[in-house]
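when you get a sec, could you give me coordinates for this:
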Amino acid sequence: KEQGGRNINKKKSGIICGAAAAALAIGIVGWRAAAGAGQSGENPVYVNTVEQITSLGTGNGMVNRFAGVVEAQETWSVQQNSDKKVKEILVQVGDTVQKGTPLYTYDVEKFQEDLAAAQLELERMNNEAAGISADIRELEAERQKADADNKAAYTFQIQEQDLQLRQKQFDIQSKQLEIDKLNENIAHATVTSEIDGVVKSIHDGSDMSGMNSDNSFMTIMKTGAYRVKGQINEQNMAAITVDMPVLIHSRTDSSQVWKGTVKQIDRENPVTGNNMYAVSSSDGGTTSSSSYPFYVELESGEGLMLGQHVYLEPDMGQGEEKEGIWLDEYMIDRTDPEQPAVWADNGRGRLEKRPVTLGSYDENLMEYEILEGLELTDSITYPEEDLQEGMETVPGENGQMGRVQPEDTGLPAPEDGGTVDGTEEVLYG
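Numbering: from 1, shown residues only. As a prediction, this is how the structure comes out:
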């Protein structure tokens, strides 16, 4: 009996433990279902680490940048002589030339033929002028011998001959100028470069795409002094102003940064070619906008190459390293003015509203120093209006944060070197 009692107790204990485990499992499933009941069909909240957002270490902090290209400070446009025919082009686009390098030659065969004819004509004119001069001298001698009644007639003939001589002398001068011009055309049959540079474009009439906006036959970009050309449009024109300091970033090496100043915004000459783009509006329609070039003067162009593609951004001091954690003010939830907070991952894949202690404020960069409440390894997101504690969090790619993925915004996700709106680039890193 004693043995049987112990067996019965063991069975009871097993039944009780099994029932408790089942109840616990049902409770966990119910809690998870309840936690997700209000979030069915909602996108997860994308978060990024503080280190990534602030671009510390190997971060990919999000900044607005503009596409740019390094070009020569000076450009020399070569105009073709409309009276001449190009015989041979001696260079190609991309060739490096020195001052005095032959660029192309004119066909001078016709000039040589015209020169020979003009020289014969000049010789004939000189002979005719000499004949007229001889006639004048003969008439003057005869007038000396004539009586008073005939002197007037000789005087009249001499005056007529003198007029003919003056006209002939004028014709001789004109013909000589013509000969000088022909000699000059022949002597300058080969056009040479006036500067050290790189051949940027050639328009030989066979390809209209190579034609310059100023209709020049050939364009040479001077080497040595560089500037950076960027583009803005009507939507973001206010982001760039003349005399604004800017940072120039290498596209391939993030450690290479140059400084410069915006010297010109050319609003009079929209970028030719594909300078129009469409921007989606909130009402579902689209608006068109033109792009305009702006030019940056470099403090130093050392390390840059002609034609190199770069990124430009306003220099607001973001290149200077600051101690501690600094967040853009739009990342901080100020719903409760007395208790600033951030929306952060709680370490278990769920969202929480975490109080933080603010320190100094950088007015130029509009950033707050975070004294307490965050570490570089914490993950946070934008303080959107519909966020709730307990929502699922997912690590964002390339700096993605918030509840809407790039494809849900109605705008194409930017590719490397591409743009969201045609000019201003949203990049990470």
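
helix/strand/coil for Thr105?
Classification of Thr105 by DSSP: H, G, I helix; E, B strand; the rest coil places it in strand.

does it touch Leu90 like I think?
Yes: assessed by C-beta atoms under 8 Å, Thr105 is found in contact with Leu90 at 7.0 Å. C-betas here are computed from N, CA, C, even on glycine.

can you tell me how far Gly303 sits from Phe66?
Distance of Gly303 to Phe66, given as C-beta to C-beta, to the nearest Å: 20 Å.

neighbour count winner among the two?
A count of neighbours by other C-beta atoms under 10 Å puts Phe66 above the other of Gly303 and Phe66, at 23 against 10.

any idea which helix or strand comes after whichever strand or helix holds that one?
Assigned by DSSP states H and E, Phe66 belongs to strand 62-72. Tracing the chain past strand 62-72, the next element assigned as helix or strand by DSSP H and E is strand 75-78.

note down every partner strand of that following strand and its orientation.
Within its sheet, and counting by DSSP bridges, strand 75-78 is paired with strand 218-222 (antiparallel).

what angle sits between the partner strand and strand 62-72?
Comparing the axes of strand 218-222 and strand 62-72 via axes from the mean of the first three to the mean of the last three C-alpha atoms, to 10 degrees yields an angle of 110 degrees.

need the next SSE after strand 218-222, C-terminal direction.
With elements assigned by DSSP H and E, the helix or strand that comes after strand 218-222 is strand 226-233.

what comes up buried for stretch 241-253?
244, 246-250 (16 or more other C-beta atoms under 10 Å).

just stretch 136-146 next, same as before
Neighbour-count burial for stretch 136-146, with 16+ other C-beta under 10 Å as criterion, is recorded at 136, 139, 143.

would you turn the buried residues of stretch 241-253 into a markdown table with pLDDT and distance to Ser193?
As requested, the buried residues of stretch 241-253 are arranged in a markdown table below (pLDDT from 0 to 100; distance: C-beta to C-beta, whole Å):
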| residue | pLDDT | distance to Ser193 |
| --- | --- | --- |
| Met244 | 92 | 35 |
| Val246 | 92 | 32 |
| Leu247 | 91 | 34 |
| Ile248 | 92 | 28 |
| His249 | 91 | 33 |
| Ser250 | 91 | 30 |
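
please, where are all the helices along the stretch 51-200 of the chain?
Shown for the stretch 51-200 of the chain, the helices assigned by DSSP state H, counting those that start in this stretch span residues 109-145, 148-187.

quick one: mean pLDDT for the last one?
So that's helix 148-187. Within the predicted structure, the mean pLDDT of helix 148-187 is 92.

same question for the first one.
Mean per-residue pLDDT for helix 109-145: 92.

burial of Val93, as a residue count?
12.

Ser201 is in contact with that one, correct?
Yes: under the criterion of C-beta under 8 Å, Val93 makes contact with Ser201 at 6.1 Å.

just the pLDDT for the nearest residue to Glu88 once chain neighbours are set aside.
Spatially, and ignoring its direct neighbours in sequence, Glu88 is nearest to Thr105 (4.9 Å; C-beta to C-beta, 6 or more residues apart in numbering). Thr105 is assigned a predicted lDDT (pLDDT) of 91.

contacts only, for Thr105.
Taking C-beta atoms under 8 Å, 6 or more residues apart in numbering as the criterion, Thr105 is in contact with 86-88, 90, 189-191.

do Thr75 as well
Applying C-beta under 8 Å, 6+ apart, we find Thr75 in contact with 200, 219-222.

kindly indicate the member of those with the most neighbours.
Scoring these on neighbours with other C-beta under 10 Å, the highest-scoring entry is Ile220 at 26 neighbours.

any idea how far it is from Pro270?
When C-beta to C-beta is the yardstick, Ile220 and Pro270 sit 25 Å from each other.

same check on Asn81?
Distance from Asn81 to Pro270, counting by C-beta to C-beta: 31 Å.
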